[in-house]
Every structure is written in structure tokens, then in C-alpha cells.
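Peer 1: Sequence and predicted structure, then a few things I'm wondering about:
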Amino acid sequence: MDKVKFLLATLFTFLLISPLSSQAQDSTNYQDWEKYDLTYRTYRITLLPGLSTNGIDAVDYVAKYSFNLLGGYHGALHEGFELGTLINANKYYASGVQIAGIGNYSGDNTLGVQIAGIGNYSGNSMQGVQVSGIGNWASSDIQGVQLGGVFNLSGGNIEGLQSAGVFNVARNDIQGLQFSGILNLSGDSIEGMQYAGAFNIAKNDIQGLLVSGVGNISGGNIQGLLVSGFANIARQDMQGIITSGGINYAKTFQGISLSSVNISQDFQGIQLGLANIVDEGQGIQAGLINYGNEFEGIPVGLISYYRDGRQNLDFWTTETGFTNIGIKLGTEQVYNMLSVGFNPLLNRDVWQVGWSIGKLREYENHDLYSDFSYFKINEGSWTKDLNSILKYRLLFGKEVNEDFKFYSGPTLNMLISRLQGSDDYAPYRLFDIKAKGRQYVFWIGATLGIELF
């Protein structure tokens, strides 16, 4: 115990007399601290603010090496090293390496490395690395890396990397990478990559890649790739690829949109989803439901409805004896059709449901239809076993008036079935092949029908 008391007394005496002895040390001033009117010291040792080798006027000194046994508050750290068990604080700037058990503080610029158990703060720009258990905060621009257990904050632009367990915030532009467990927020534009467990939000333009577990939101233009678990929202123009598990929205979109629901006011490209909705569109829409006020391109869907497109009702019969009714929707050139039919020629209850996709070519005296169809054939109730007809039709049409057209032409047919007794669907056979429990029957047939409206 006496030895401990002796050591503490010696340290206390050293701290008291060192301000006087330090006057004999190197006091050369450098331009970096001249504007702050600081005095240079190579070393400083501090027990706590006000009790140091620079005395109570520690804020008037700059040092290269700084050791804070509990915590220190000084003028600046210049191209050196600072170690504190609790806190390292510099009124003006810190250049070098700061390591503290609780936190590092720099009132103005920071250049170098800050490592703290709880938090790091730079009152102005930060160039280098900030690493903390909870959070890092730079009031202005960052060039470098912020690694926070909970959060990272930048009051200006970022060039580099932000990685946090919960959220990252950049008040202005980002050039680089942001990784967070929940949220990445940019107050201006992004050039680079954002990855978040929940949300990425950018106030203005995005150039790069955004990946999130829930949603990506941009208030400006986007060039790049957006990937989210639920939603992507681009309030202005989007060029690139956008994919989500729930909904994609872009005011103006050029590229590929993949989601359960894709929505755009002005669209050029490809939409793939359960529902695709546009005001004006050009390209490909593939989904269960496709909708638009004006659309030019290829619709692939169970229902493809366009206000400027076709809405027709078709009736037709074939050599197999099936009589069908179908709703034909799509553009004037490319159409999808849902149909249902029954076969009155067979002595049992046989009916079918079908889907077709085709193209119309208009000539001076006639029209030419070419389409592919799939028909599910059912015996009585819905037949679970494989029992289908694939059909290609080449049809010549003639318009009687604007509400009535008749058509006819040859068809190429293939029956694929696992059912016994499906042989009588085809009137004859060009080929009849059985393999692995399936029957494949090929024949050439004909279609005769009318188109209304």
C-alpha cells in the first residue's frame, strides 16, 4: 500500500511541475497549428482534464504523443499517437491515431484513425478511419471508413465506406459503400452501393447498386440496379434493373422490372410479374395481368388489357369437334386469348380451357393470324393427370365490317396424355408415339371461326 501511495504522489508531483519543465522542450511551431496559436510539445501525459504536463492551459498546446490515464482535453494532436483509457479530446484537430476506451473527440478536422469503445466525433471533415462500438459522427465530409456497432453519421459528403449494425446517415452525397443492419440514408445523391437489412433511402439521384431486405426509395433519378425483399420506389427516372418480392414503382422506367407488381407511368423495356401496370409503355409485359392506357409491344399474360388495344370475342370450331368461345385481348398486333370449349360429338362430358398468344398481320385484302395455343382437356370434372393439346394455327381472316370478321385456316396439333381413352380426341394420326407412360399424337387439322367487335 505504501508503494502505491508513493507512486501516486510521484505522478501527482510530476503533473504539477511538468508545465514549468516543458518550457525547455521543443517549442517549434508548424503551419498546421499556427492558425490556432498553439505551442508544440513532443509528449504530454494527462490524468484528467486540467491535470496534465501542460497544466490547466492544455488547450493551448499541440503534441505528437499523448497519454491520457483517465481523460484528456488538449489543443490538438499532430501526426502522432494518442491513447486514453476513457476519453481523448482535442479542441481543434486530431492528426494521427486516437485510441480510447470510451470516446475520441476532435473539435475540427480529423486526419487518421479513431478507435473507441463507444463513440468517435469529428467536428468538421474526417479523413481516415473511425471505428467504435456504438457510433461515429463527422459533422462534415468523410473520406475514408466509418465502422460503427450501431450507427454512423456524416454531416456532409462521403467518399469511402460506412458500415453499421443499425443505420448509416449521410447528409449529402455518397461515393462509395454503405452497409447497415437496418437503414441507410442519403440526403443527396449516391454513386456506389448501399446494402441494408431493411431500407435504403436516397433523397436524390442514384448511380450504382442498392440491396435491401425491405425497400429501396429514391427521390431522384436512378441508373443501376435495385434489389429488395418487398418494394423499390423511384419517384423520378429509372434506367437499369429493378427487382423485388412485392412491388416496383418508377415514374419513368427504361430497363427490366421484376416483381409481383410492376408499376410505371412511362415504360420502355421488360416487365415480369404477377401484375404489370403502365400508363404508356413500349416493350414486353409478361404476367398474369397486364394493363396499360397505351402500350406497344408484346404482351404475355392471362389478361392483357390496353385501352388503345383490342377487345374481341371469338367463336370457333375445329376438326376435333370442340366448339370454343374466347376473349381476345392485347395490342392490335399481338394478342392473348383465354378460352373454354366443349365437345358435343363425344358420348361423354369432355371440355377444355385454353390460352393462346398470337400475332396479326394486316394486308390490303385480308388478315393473317398466327398463334400458339395450349388446351387442358378435362374428362367430367377437372382432370389432374396430364391431358393436353398443343396447337399452332395459321388463319386467314376477312373483315366484313368493323364489328365482324371471319377466319379459317390449317392447324398443326400435338396431343400429350397419360389418360387411357384419349385416343378419340384426334380424328386421325400422322404419328402416334408412346413413351414413359405418355402418348404423343400428331395430326393436321383446321379451324373455322368468327371475331366480333
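Peer 2: Yep, that arrived.

Peer 1: Pop the domain breakdown of the chain in here.
Peer 2: Here the domain parsing of the chain from automatic domain parsing is 179-285, 309-452.

Peer 1: Minimum distance to Asn136: which of those has it?
Peer 2: Asn136 sits nearest to domain 179-285 of all those, at 12.5 Å, using Cβ to Cβ. For glycine as for every other residue, the C-beta is placed from the backbone atoms N, C-alpha and C.

Peer 1: measure the closest one end to end?
Peer 2: 34 Å (Cα to Cα, to the nearest Å).

Peer 1: ok, now stretch 116-134?
Peer 2: Terminal residues of stretch 116-134 lie 9 Å apart, using Cα to Cα.

Peer 1: what's in contact with that stretch?
Peer 2: Residues from elsewhere that reach stretch 116-134, judged by Cβ atoms under 8 Å, 6 or more residues apart in numbering: 94, 98-115, 135-152, 154, 156.

Peer 1: returning to what we had before: dump the domains of the chain to a markdown table, plus mean neighbour count.
Peer 2: What follows is these, written out as a markdown table (neighbours: other Cβ atoms under 10 Å):
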| stretch | mean neighbour count |
| --- | --- |
| domain 179-285 | 21 |
| domain 309-452 | 16 |
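
Peer 1: Settle this for me: Leu302 is touching Ala286, isn't it.
Peer 2: No - the pair Leu302 / Ala286 is not scored as a contact, 10.8 Å apart, by Cβ atoms under 8 Å.

Peer 1: where does the chain dip in pLDDT?
Peer 2: Per-residue confidence for the chain (pLDDT under 70) gives these ranges: 1-31.

Peer 1: And the helices in it, which stretches?
Peer 2: Under the criterion DSSP state H, the chain carries helices at the ranges 2-21, 31-34.

Peer 1: which helices and strands does the shortest one pack with?
Peer 2: In this structure, helix 31-34 packs against strand 71-84, strand 87-100, with contacts taken as 3 or more Cβ pairs under 8 Å, 6 or more residues apart in numbering; DSSP states H and E.

Peer 1: In a markdown table: the ones you listed, plus distance to Leu313.
Peer 2: Shown next, in a markdown table, are the helices and strands packed on helix 31-34 (distance: least, Cβ to Cβ, whole Å):
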| stretch | distance to Leu313 |
| --- | --- |
| strand 71-84 | 83 |
| strand 87-100 | 78 |
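
Peer 1: The nearest residue to Asn120 once chain neighbours are set aside pairs with what?
Peer 2: Computed as Cβ to Cβ, 6 or more residues apart in numbering, the closest residue to Asn120 that is not its neighbour in sequence is Gln114, at 4.0 Å. Beta-bridge partners for Gln114, by DSSP bridges, are Gln98, Gln130.

Peer 1: just to revisit the earlier point, can you list the domains of the chain in JSON lines and add distance to Leu77?
Peer 2: Formatted as JSON lines, the domains of the chain follow (distance: least, Cβ to Cβ, whole Å):
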{"stretch": "domain 179-285", "distance to Leu77": "29"}
{"stretch": "domain 309-452", "distance to Leu77": "70"}
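
Peer 1: how about these, which one is nearest Lys64?
Peer 2: With respect to Lys64, and counting by Cβ to Cβ, the nearest of the domains of the chain is domain 179-285 at 34.3 Å.

Peer 1: Distance from the chain centre to that closest one, please.
Peer 2: Between the centre of domain 179-285 and the centre of its chain there are 6 Å (Cα atoms, centre = their mean, to the nearest Å).

Peer 1: quick one: Asn248 and Val261 touch, right?
Peer 2: Yes - Asn248 lies in contact with Val261 (Cβ under 8 Å); the separation is 7.3 Å.

Peer 1: Mind listing the shared neighbours of these two?
Peer 2: Taking Cβ under 8 Å, 6+ apart as the contact rule, Asn248 and Val261 both touch Gly273.

Peer 1: how about the strands of the stretch 301-450 of the chain, start to end?
Peer 2: Counting by DSSP state E, counting those that start in this stretch, the stretch 301-450 of the chain has strands at residues 310-318, 323-330, 334-342, 350-362, 367-379, 387-401, 404-417, 431-435, 438-452.

Peer 1: how about JSON lines for those strands, with distance to Asn120 added?
Peer 2: Putting the strands of the stretch 301-450 of the chain into JSON lines (distance: least, Cβ to Cβ, whole Å) gives the following:
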{"stretch": "strand 310-318", "distance to Asn120": "65"}
{"stretch": "strand 323-330", "distance to Asn120": "60"}
{"stretch": "strand 334-342", "distance to Asn120": "60"}
{"stretch": "strand 350-362", "distance to Asn120": "61"}
{"stretch": "strand 367-379", "distance to Asn120": "64"}
{"stretch": "strand 387-401", "distance to Asn120": "67"}
{"stretch": "strand 404-417", "distance to Asn120": "68"}
{"stretch": "strand 431-435", "distance to Asn120": "71"}
{"stretch": "strand 438-452", "distance to Asn120": "69"}
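
Peer 1: got a list of contacts for stretch 430-443?
Peer 2: For stretch 430-443, contacts defined as Cβ under 8 Å, 6+ apart pick out 386, 412-418, 422-423, 425-429, 444.

Peer 1: try stretch 408-420
Peer 2: 318, 320, 369, 377, 379, 383, 385-396, 422, 425-426, 437-449.

Peer 1: beta partners of Gly160?
Peer 2: Bridge pairing for Gly160 (DSSP bridges) gives the partners Gly144, Gly176.

Peer 1: Over to Phe67?
Peer 2: The partner residues for Phe67, given DSSP bridges, come to Ile45, Leu83.

Peer 1: distance of it from Ile45?
Peer 2: Going from Phe67 to Ile45 by Cβ to Cβ, to the nearest Å gives 5 Å.

Peer 1: Same question for Gly55.
Peer 2: For Gly55 relative to Ile45 (Cβ to Cβ), the value is 12 Å.

Peer 1: Kindly report the same for Gly123.
Peer 2: Using Cβ to Cβ, Gly123 is found at 25 Å from Ile45.

Peer 1: Repeat that for Gly148.
Peer 2: Gly148 is 30 Å from Ile45, by Cβ to Cβ.

Peer 1: cool, Glu82 as well?
Peer 2: From Glu82 over to Ile45 the distance is 11 Å, taken as Cβ to Cβ.

Peer 1: shared neighbours, these two?
Peer 2: Among the neighbours of Glu82, those also in contact with Ile45 (Cβ under 8 Å, 6+ apart) are 66-68.

Peer 1: and Gly148 and Ile45? which has more neighbours close in?
Peer 2: Gly148 (26 against 19; other Cβ atoms under 10 Å).

Peer 1: Not counting sequence-adjacent ones, nearest residue to that one?
Peer 2: Ala164 is the one closest to Gly148 (Cβ to Cβ, 6+ apart), at 4.3 Å.

Peer 1: again with Ile182
Peer 2: Spatial nearest neighbour of Ile182, excluding adjacent residues (Cβ to Cβ, 6+ apart): Ala198 at 4.6 Å.
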